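>>> Coordinates only, no sequence provided:
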Ligand code: TRP
């Protein structure tokens with residue numbers, strides 16, 4: 001195999017393969033399901049601008065740092081920190097946080113991904129057609145309250161993810177990214193062309209790109225920052241692990257920019273697909289997580305060819321989710337391969353099954369069982385929101401904070417500089433990047449973190 005392949009772990013066969021796989025990880029439910037509704041909740045344009053700033057000033061510098069750790073060690077997350085910091089160093093806990101996070105995030109993410117897949121089936125079979133708004137609202141509630149359907153969708157989605165991860169780096173992760181990502185782009189552009197013809201497009205465009213300073217709020221700043229982590233797959237070693245399959249001569253900075261740009265463009269296009277549809281149909285957008293699963297189906301049901309549009313949209317959502325779930329499972333899998341010497345087959349099977357089991361209480365989120373409404377009544381939140389809040393609001397910022405500090409202050413300048421420069425034409429930005437990573441990033445991330453644990457600075 002090509003140079004830089006440590007002990008047959010696998011490497012990306014091509015530069016574009018890496019970019020597609022990493023962008024596949026980044027582009028997911030975060031872009032198409034979550035970003036549009038948090039944009040709606042935070043009033044549009046001003047929030048979008050903040051978000052762009054967070055991606056450029058916090059997300060991108062951390063992504064470069066994460067990929068650097070992986071590429072320089074050619075190891076997955078726990079082993080990489082062991083190699084750079086010493087076997088028993090406290091920094092190794094960053095690796096453990098990553099593996100734990102991989103289990104937790106994937107366990108609830110795959111539930112929502114399963115719903116997306118379920119909606120593909122509903123669209124294809126025409127189950128969403130000709131329904132009233134109330135019926136469509138009830139249809140979503142039913143999915144999240146009927147544990148059986150939700151669990152089945154979770155199991156199917158996890159099985160797909162496991163099958164792809166078992167294929168390995170080149171024949172699994174890269175091959176599927178090469179198929180799913182172009183298909184995703186094609187569907188997105190198709191829907192965009194459709195949305196462009198709608199009367200609500202202008203209003204939607206102004207909503208997403210119109211800047212009104214008075215819409216800016218402190219809470220919006222923190223939401224934008226937190227989301228920039230999640231959407232770029234940072235803080236748990238997913239980019240680190242993908243970076244470990246990179247050859248030594250690839251340009252980390254240039255690739256990171258390409259990944260961040262693709263991710264951002266797709267999030268913005270998702271807004272320009274969704275809002276023209278909901279605005280044209282005159283439907284309320286600021287209703288949180290139900291935007292994609294309730295508002296959109298209502299809008300589709302009022303449109304000619306709605307079933308076809310719905311099918312394409314939910315297939316797009318499922319594809320985006322799949323290339324993300326692959327990357328989360330890869331973090332858990334590669335830990336057992338690198339640290340325990342397991343075969344990829346066994347590592348995938350064990351982690352994947354454990355995560356599926358862990359996801360079952362999340363799949364019961366709306367059901368009247370202990371992990372659903374029972375837990376919510378007694379403790380104020382159900383299992384799903386407990387796991388999702390703890391992992392994305394606490395563990396991810398903690399991981400990102402640690403990674404930024406580690407690369408900025410602990411790693412030697414020699415290694416950092418060499419990694420930054422290898423194959424890159426961005427060498428002149430080294431000092432700038434390092435300065436941002438040393439001072440700006442830790443402070444910004446610390447603010448998100450404090451907010452997550454209930455201490456509001458703004
Ligand atoms: N970035 C993906 C999204 O926006 C989710 C994701 C994939 C992720 N891998 C990750 C989030 C690792 C955090 C960490 O949907």
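Now that the structure is in, tell me what you want to look at. In this text the structure is predicted, and so the values were computed from the model without any measurement.
>>> So is whichever strand or helix holds residue 352 next to the ligand?
For residue 352, the element it lies in under DSSP states H and E is helix 344-363. No - residues of helix 344-363 are not located near the ligand by C-beta under 6 Å from any ligand atom, the shortest gap being 13.0 Å. Bear in mind the C-beta positions are built from the backbone N, C-alpha and C, glycine included.
>>> helices or strands up against that helix?
helix 92-124, helix 147-166, helix 306-340, helix 383-389 (3 or more C-beta pairs under 8 Å, 6 or more residues apart in numbering; DSSP states H and E).
>>> what is the rounded mean pLDDT of that helix?
Mean per-residue pLDDT for helix 344-363: 96.
>>> Which strands and helices lie in contact with the following helix or strand past it?
Where DSSP H and E defines the elements, the next helix or strand beyond helix 344-363 is helix 375-379. Under the contact criterion of 3+ C-beta pairs under 8 Å, 6+ apart, helix 375-379 touches no helix or strand at all.
>>> what's next to helix 375-379, contact-wise?
Helix 375-379 is contacted by residues 381-383, 386 when judged by C-beta atoms under 8 Å, 6 or more residues apart in numbering.
>>> Farthest pair within those residues?
Within the contacts of helix 375-379, two members stand farthest from each other by C-beta to C-beta: 381 and 383, at 8.2 Å.
>>> Give me the more crowded residue out of the two.
Legend: neighbour count by other C-beta atoms under 10 Å for residue 381 and residue 383, higher for residue 383 (25 against 13).
>>> any idea how far the more buried one lies from the ligand?
In this view, residue 383 and the ligand are 19 Å apart by C-beta to the nearest ligand atom, to the nearest Å.
>>> Please apply the same query to residue 193.
24 Å.
>>> what's the burial count for that residue?
Residue 193 sits with 10 neighbouring residues when counted by other C-beta under 10 Å.
>>> ok, now which ones touch it?
By C-beta under 8 Å, 6+ apart, residue 193 has no neighbours at all.
>>> what helix or strand is it on?
In this structure, residue 193 sits in helix 175-196 according to DSSP H and E.
>>> what's the answer for residue 254, then?
Counting by DSSP H and E, residue 254 is part of helix 252-280.
>>> Give me the angle between that helix and helix 306-340.
150 degrees (axes from the mean of the first three to the mean of the last three C-alpha atoms, to 10 degrees).
>>> Can you give the distance of the helix or strand just after helix 252-280 from its chain's centre?
Downstream of helix 252-280, the first helix or strand assigned by DSSP H and E is helix 290. With C-alpha atoms, centre = their mean, to the nearest Å as the basis, helix 290 stands 18 Å off its chain's centre.
>>> quick one: average confidence on helix 290?
Here the average pLDDT along helix 290 is 83.
>>> Relative to the whole chain's centre, how far out is the helix or strand just after that helix?
Per DSSP H and E, helix 290 leads on to helix 296-301 as the next helix or strand towards the C-terminus. Relative to its parent chain, helix 296-301 has a centroid offset of 25 Å by C-alpha atoms, centre = their mean.
>>> can you tell me the average pLDDT over the helix holding residue 193?
Mean predicted lDDT for helix 175-196 stands at 94.
>>> Compute the inter-axis angle for it and helix 252-280.
Using the same axes, to 10 degrees: helix 175-196 against helix 252-280 is 40 degrees.
>>> So which bits of helix 175-196 are buried?
175-178, 180-181, 184-185, 187-188, 191, 194-195 (16 or more other C-beta atoms under 10 Å).
>>> quick one on the thing from earlier: please identify the one among the helices and strands packed on helix 344-363 that comes closest to residue 437.
helix 92-124 (15.0 Å).
>>> counting contacts, what elements does the helix or strand following that closest one pack onto?
Scanning forward in sequence from helix 92-124 by DSSP H and E, the next helix or strand is helix 133-145. Packed against helix 133-145, as judged by 3+ C-beta pairs under 8 Å, 6+ apart, are the following elements: helix 92-124, helix 147-166, helix 296-301.
>>> Okay, angle between the helix or strand just after the helix holding residue 193 and helix 252-280 too, please.
Scanning forward in sequence from helix 175-196 by DSSP H and E, the next helix or strand is helix 201-209. Using the same axes, to 10 degrees, the direction of helix 201-209 lies 140 degrees away from that of helix 252-280.
>>> And the contacts of helix 201-209?
By C-beta under 8 Å, 6+ apart, helix 201-209 touches 39, 44-45, 48, 195, 268, 271-272, 275-276, 279-280.
>>> which residues touch residue 354?
residue 103.
>>> Just the residues contacting the helix or strand containing residue 19, thanks.
For residue 19, the host element (DSSP H and E) is helix 15-26. Contacts to helix 15-26, defined as C-beta under 8 Å, 6+ apart, come from residues 12, 170, 173-174, 176-178, 180-181, 231-233, 238-239, 242, 245-246, 250, 255, 258-260, 262-263, 323-324, 326-327.
>>> List buried residues within those.
If we count by 16+ other C-beta under 10 Å, those have these buried: 12, 170, 173-174, 176-178, 180-181, 231-233, 238-239, 242, 245-246, 250, 255, 258-260, 262-263, 323-324, 326-327.
>>> Contacting the ligand as well, which ones from the residues you listed?
231, 233, 238, 324, 327.
>>> sorry, back to before: what inclination does the helix holding residue 254 have with respect to helix 15-26?
For helix 252-280 against helix 15-26, the angle by the same axes, to 10 degrees is 50 degrees.
>>> Now do helix 252-280: distance to the chain's middle.
13 Å.
>>> can you check stretch 224-238 too?
A distance of 7 Å separates the centroid of the chain from that of stretch 224-238, by C-alpha atoms, centre = their mean.
>>> Please tell me how far the residue of the chain positioned farthest from its centre sits from the ligand.
Distance from the C-alpha centroid of the chain, by C-alpha atoms, centre = their mean, peaks at residue 130 (32.9 Å). Using C-beta to the nearest ligand atom, we find residue 130 at a distance of 32 Å from the ligand.
>>> That residue is in contact with residue 301, isn't it?
Yes - contact criterion C-beta atoms under 8 Å: residue 130 and residue 301 qualify, at 6.7 Å.
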